Each structure stands twice: as C-alpha cells, then as structure tokens.
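> sequence first, predicted coordinates after that:
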Amino acid sequence: MSSLFNWRTSRDVAGAAGFFALLQALILLFLIAGSHGWLFALVPQTGTAPSFAATCALADAGTPLNHATAGDYASFYAAGALANAGRAAAAYDCPRLQEAEEQATQAAVDHQYFFNPPTFLLIMAPLARLPYMVSFCAFELATLIAWLALGTRVAGGGRAATLALLAVPSLWWALGLGQNSFLSAALMAAGMLALPARPLLAGIAFGALCYKPHLGLMIPVALIAGRQWRAIASAAATVTAAAGATVLLYGMATWRAFLAMASRSVGGTIDSGAVRLSARVDPTGACQLIGLSAGQARLVWALALLGTVACICWLWHRGGRETRNAGLAASVLLAAPFALFYDLVMASLAAAWLVRAARRDGFLPGERAVLGLLLAATLLAAHPIVAQLRMPFGALCAPALLALVVRREHKTRRFSKLKRTAA
C-alpha cells in the first residue's frame with residue numbers, strides 16, 4: 001500500500017497506477033451493471049434499460065430516471081447510418097438524427113448532438129454497417145489499444161507507463177461514453193513520434209485530425225515554427241483529400257448543413273446550457289463556470305490563445321523534442337474553443353512526454369507532485385463538485401502542464417548556456 005503514495009521508482013508507479021486503474025474499471029463495471037437494470041436498487045424499473053450515461057446522470061443528479069438515454073457513440077453511429085442511407089446531411093438536423101439514434105438504440109432515447117464535420121463520416125459510415133454494440137466495442141477497443149501502444153512508447157516504454165495511462169480517469173469516461181478521445185490522442189502521438197524520421201507520415205497523422213478540427217488548431221503553428229515544411233504539405237494534402245472524399249461521397253449539401261449547425265452552436269447549443277458548463281475543460285467554459293459572461297469568456301480565450309501561440313512558437317523554434325511535443329499536446333485544450341472532460345486524454349499525452357524527459361534527465365523539484373495533483377484534477381473534472389463549487393478543476397490541467405513544459409525547457413536552455421560558458 002505504501003507504493004500508492006511513494007512514486008519514486010517504476011515499480012512504485014506500476015503499483016499505484018495499477019491500483020487506481022483497477023478501481024476505476026470496477027466502478028465502470030458497476031455503472032454498466034446499473035445501466036442494464038442489474039442493480040435494481042440503483043436503477044428504477046421503467047420498462048427500458050438506461051445506458052451507462054443514464055446511470056452517471058442518476059449518480060450526478062441524485063434523482064430517479066424515468067426515460068432512456070445513450071452515450072455519445074449513439075450520435076456517431078446514427079450519423080454513419082444516415083450517410084449509408086444517402087442522407088448524410090441529416091446528421092446535422094437534430095430531429096432526423098434523433099430518429100436515427102432511436103433506431104440504433106431504443107425508443108425515446110435522449111438526443112446526443114453530432115458536432116463533428118463530414119470527414120468523421122468516412123470512419124463512422126463503415127462502422128455503422130455493423131450491429132450497434134459490435135460497432136461500439138470495435139471502435140473503442142481498437143482506438144484504445146492504439147492509444148495505449150503509442151502513449152506507452154511516448155512515455156519511454158514499460159509496464160509502468162501503460163498502467164499510468166490506464167490510471168487516468170478521463171480514459172474511463174471516454175470509454176464508458178463511447179467517445180473518440182483515444183483516436184485523437186493516438187493520431188497526435190503518431191504524428192509526433194513519426195515527425196523526426198518520417199515527416200510525410202507525420203503529416204498524414206496530423207491531417208487525419210481534421211475529423212475533430214478544433215483539437216488541431218495549434219498543429220500548423222507548431223509545424224511552421226519548427227520549419228517542418230514536408231509535414232505541413234503532407235497534412236494539407238491529407239485534409240484536402242479527406243474533404244474532397246466527403247464531397248464526392250456525400251455532396252456539398254452535407255458541408256453546408258455542417259457549417260449551418262456549427263454557426264448555430266456558437267452562442268446557441270453550446271452556450272445555452274444544453275452542454276453542461278461543469279463538463280467543459282476549455283478556457284471559455286471555465287470562465288463562464290466561474291461567472292463571466294459569454295463575451296468576457298471568449299475574450300479570455302482569445303488572450304489565452306495568443307499566449308499559447310507565443311509559447312508554442314518559442315518551444316518549437318529551438319526546443320528539445322520532448323518539450324516541443326509536450327507543449328503541443330498541452331496547448332490543444334488551451335487553444336480549443338470547446339472541449340469536454342473526456343478530451344483530457346490529450347493532456348495525458350503531454351504528461352507522457354514530460355515523463356519521457358524526466359526518465360532521461362530526472363524530475364525537476366516539485367514536478368512529480370504537480371503531475372500527481374493534475375491526475376487528481378482529472379478525477380474531479382467530471383464530478384458534481386465542479387458545478388457546486390464552480391471550480392473548473394479539469395480546465396487547470398492544460399495551463400499547468402504547459403507551465404511545466406516551459407519551465408523544463410527554460411532550465412534546459414539555461415543549463416546548456418552555462419555549459420557552453422564554462423567550456
């Protein structure tokens with residue numbers, strides 16, 4: 001048990017991380033059991049079996065459920081099914097998307113929004129040809145395995161690194177809700193790992209993130225600052241090819257429907273309360289949670305974006321590989337105009353690059369403690385206490401990680417300068 005609090009060696013990390021990963025896995029299984037009506041004291045019998053998300057809502061609100069609900073994957077699957085039926089544009093029409101969600105799951109299910117651009121349909125249309133649960137499991141397991149393999153490699157390899165990634169709470173939320181967070185983190189990690197030796201392959205991985213473009217805003221900034229021209233060309237070609245494929249397969253009407261939905265979402269769906277402020281981890285959502293108006297929050301986000309751009313340009317101009325990549329991963333949630341607690345999987349990529357640097361050069365004073373506190377913050381990111389205290393715990397992770405990255409790079413450069421002076 002002492003290893004849970006003494007993270008000094010790989011064995012200690014493996015013991016503590018394994019414990020927390022197992023604990024969260026058991027909690028997830030408990031929620032799944034409740035969502036299927038196996039825990040009769042937890043889930044009221046209403047004639048339908050609520051899903052994982054319904055059980056979470058029950059625990060969150062403390063009130064009985066009287067209708068069925070579904071996780072986020074229902075909207076992905078329904079959008080893919082509509083694309084297969086030749087009605088891709090309907091994925092951005094709420095009533096028609098909800099009909100497709102009900103066909104995929106059950107009647108009167110809660111509506112889940114589909115915010116992704118048509119490029120995501122290139123992935124979901126083939127998966128929507130499978131039965132719903134088979135599709136869900138195939139997508140989540142395949143992307144989770146890819147993320148764990150690449151994330152472990154980023155962190156320097158070893159069982160302790162894998163278990164540490166499994167201990168991150170946002171991983172279990174993404175898995176339970178059927179989100180695409182593992183795919184995003186895996187693509188980002190693949191691009192970072194491939195960049196030094198295979199810039200064209202890196203560009204393809206970075207470009208593939210166009211299925212969730214708001215998470216890729218800092219990629220061109222980093223690549224330009226790092227003068228990675230081949231990767232930039234490859235990424236641009238990948239985005240162009242993906243967009244062109246969607247036009248050929250689904251028509252321009254689908255893109256017009258997406259853009260119309262996106263314009264309505266700004267100041268509409270997102271800011272209206274349909275998406276809980278306490279679930280958001282981006283600067284705009286964090287500022288609104290603590291009481292700022294939507295306009296004031298966007299101003300803070302704009303200032304944060306400027307500061308983030310400056311940090312990334314500084315890191316990628318002459319920084320080391322680990323700090324470059326850690327900074328880019330941390331900047332994703334700072335630059336994003338909209339991000340939710342399951343997107344914190346990307347923050348664990350930043351932590352993995354920091355750990356890689358620390359395994360080689362040693363942890364800086366206080367660095368290990370801050371990483372531990374950030375792990376706790378991700379646990380609280382989806383907790384009801386966020387709304388009660390109006391404290392955006394999850395939104396603290398990205399700026400704290402970026403601060404750790406800048407500090408490490410600054411000390412590295414200072415040490416190098418002293419070394420050159422002494423020589």
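Cool, the structure landed.
> what count of nearby residues applies to the residue lying closest to residue 130 once chain neighbours are set aside?
Nearest residue to residue 130, sequence neighbours excluded (Cβ to Cβ, 6 or more residues apart in numbering): residue 138, at 6.7 Å. Using the backbone N, CA and C atoms, a C-beta is placed for each residue, glycine as well. Residue 138 has 12 neighbouring residues, counting by other Cβ atoms under 10 Å.
> so where is the protein shaky, pLDDT-wise?
Within the chain, the segments meeting pLDDT under 70 span 1-9, 31-70, 107-109, 266-274, 417, 419-420, 422-423.
> now do the contacts for the residue nearest to the spatial centre of it.
With distances taken as Cα atoms, centre = their mean, residue 343 lies nearest the centre of the chain, 2.2 Å away. Contacts for residue 343 (Cβ atoms under 8 Å, 6 or more residues apart in numbering) come out as 170, 181, 184, 215, 281, 332, 333, 336.
> hmm, back to that, just to confirm, which helix or strand has the residue nearest to residue 130 in it?
helix 132-154 (DSSP states H and E).
> from the contact counts, what lies against the helix or strand following that helix?
Next along the chain after helix 132-154, taking DSSP H and E as the criterion, comes helix 159-166. In terms of contacts (3 or more Cβ pairs under 8 Å, 6 or more residues apart in numbering; DSSP states H and E), helix 159-166 is packed against helix 10-35, helix 132-154, helix 345-361.
> my guess is residue 261 contacts residue 90, does it?
No. Assessed by Cβ atoms under 8 Å, residue 261 is found out of contact with residue 90, at 11.2 Å.
> among the helices and strands packed on helix 159-166, which comes closest to residue 177?
helix 132-154 (9.7 Å; Cβ to Cβ).
> contact partners of that closest one?
Taking Cβ under 8 Å, 6+ apart as the rule, helix 132-154 contacts 73-74, 76-77, 104-105, 127-128, 130, 158, 161-162, 165-166, 171, 175, 178, 180, 182-183, 185-186, 189-190, 192-193, 325, 345, 348-349, 352-353, 356.
> try 7 Å this time
For helix 132-154, contacts defined as Cβ atoms under 7 Å, 6 or more residues apart in numbering pick out 73, 77, 104-105, 127-128, 130, 161-162, 165, 175, 178, 182-183, 185-186, 189-190, 193, 348-349, 352-353, 356.
> what does stretch 299-315 give?
Contacts of stretch 299-315 (Cβ under 7 Å, 6+ apart): 218, 221-222, 225, 283-284, 287, 292, 323-324, 327-328, 331, 334-335, 337, 402, 405-406, 409.
> filter these down to the buried ones, PyMOL style.
Restricted to buried positions by 16 or more other Cβ atoms under 10 Å, the PyMOL selection for the contacts of stretch 299-315 reads:
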select buried, resi 218+221+222+225+283+284+287+323+324+327+328+331+334+335+337+402+405+406+409
